[in-house]
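Chemist: take this sequence and fold it.
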Amino acid sequence: MTPETVIPFFTRADGQYLFARWGRPVVPVVFGVEDATLTTVKGALEAVCTLAGHRMAETDPELGANLMVFFCRDWAELLAVPNLDRLVEGLGPLVARLEAEGANQYRVFRFDAGGAIRAAFVFLRMDAHLAAVQAEVLALGQAVQAILLWSDRAFATRAPLAEAGGHVILHPEVAALIRAAYDPVLPAVARDPAHALRLAARMGLAQP
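Modeler: Predicted coordinates for the structure are as follows:
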């Protein structure tokens, strides 16, 4: 990786560079799974937060929980979740779009006044593809994608996970990028691609 290859991780399809990390401790809650899967998901989130040097907490003073993960078998199930339409604006049209596209996952982020992440909603429709993925692998992949505001194309051609010794792990380059992103010297929000140079420098990858 070079600074030039860091930039696409945070450059959206419209060409805008937009980086944001969490500005408060992460407080997760998981819906629609058994206790064993709940423990797996929270364990993955804790591992990624530890990697980032970021904190988790028992409660968010403003929201109670600020990272909500929903597992469902059909997108229409989301419409029956009490008050979810108050938390996710335009929930009805969103569900219709996800159904039309045949999507199996979607993430919504909310931001504070400074632009840092204040809340995130992760929706997973357990189709045949996701159901075939080991719970630990699925949980780790979702934790990675929730810890930062990645580009909508960041993992279109490269997976955040890799295989090593018969085990699935976080890709070393992605892990290094997450660590760098939470360096307290760096801002929580950035819109200038020059920010990628600072990320690469903290990864030890800046070119002379």
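
Chemist: can you give the domain ranges for the chain?
Modeler: Using automatic domain parsing, the domain ranges for the chain come out as 1-21+148-208, 22-133.

Chemist: buried set for the longest helix along the chain?
Modeler: With secondary structure taken from DSSP state H, the chain has its longest helix at helix 35-52. Neighbour counts over helix 35-52 (16 or more other Cβ atoms under 10 Å) mark Thr37, Leu38, Thr40, Val41, Lys42, Ala44, Leu45, Val48, Cys49, Leu51, Ala52 as buried. Backbone N, C-alpha and C define where each C-beta goes, glycine included.

Chemist: could these go into a markdown table alongside distance to Met1 and pLDDT?
Modeler: Shown next, in a markdown table, are these (distance: Cβ to Cβ, whole Å; pLDDT from 0 to 100):
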| residue | distance to Met1 | pLDDT |
| --- | --- | --- |
| Thr37 | 33 | 88 |
| Leu38 | 34 | 90 |
| Thr40 | 29 | 94 |
| Val41 | 28 | 94 |
| Lys42 | 30 | 94 |
| Ala44 | 24 | 96 |
| Leu45 | 25 | 96 |
| Val48 | 19 | 97 |
| Cys49 | 23 | 97 |
| Leu51 | 17 | 96 |
| Ala52 | 18 | 97 |
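
Chemist: before we move on, the earlier item: how far off centre is the longest helix of the chain?
Modeler: Counting by Cα atoms, centre = their mean, to the nearest Å, helix 35-52 is centred 13 Å from the centre of its parent chain.
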